[in-house]
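Undergrad: give me a 3D structure for the following:
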Amino acid sequence: MFSVRGLVERLRLFEKNRVPLNLKVLGLALHFQTSSLRRTSRVLSEYCRVSKTAVWKWIVKLRERLNVSLERKPRRLIAVMRHALRLMANSTGSAQPWT
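TA: The predicted model follows:
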């Protein structure tokens, strides 16, 4: 199981501590669930004043440390339906059915 707190501590993500570490970890976990900076900052502001820009900076810092690429990688896969292959095999008179 993956622990956000363990990941944050392992990467030594946060150096300044205006906002407690537990709140930052909760903010990252909330953002993973909701994908909304405004909602995350609104929830965290119930405990300590947190702006959506601060949450965004935490996300960016995590992304930089994890080396997450947002670019699409070219794939060499072709999706083919089994049914279409069987029809093609039957129409060509092939002795081996496609499965």
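
Undergrad: quick one, phi psi at the residue nearest to residue 47 when sequence neighbours are not counted?
TA: Of all residues beyond its chain neighbours, the one nearest residue 47 is residue 23 (6.0 Å), with distances taken as CB to CB, 6 or more residues apart in numbering. Just so you know, the C-beta spots here come from the backbone N, C-alpha and C atoms, and that holds for glycine as well. With angles defined as degrees, to the nearest 10, residue 23 sits at phi -70, psi -40.

Undergrad: same check on the one 5 residues further on?
TA: According to degrees, to the nearest 10, the main-chain angles of residue 28 amount to phi -60, psi -40.

Undergrad: so what pLDDT did it get?
TA: At residue 28, the pLDDT value in this model is 89.

Undergrad: kindly report the same for residue 56.
TA: At residue 56, the pLDDT value in this model is 94.

Undergrad: which residues touch residue 21?
TA: Going by CB atoms under 8 Å, 6 or more residues apart in numbering, residue 21 touches 8, 14.
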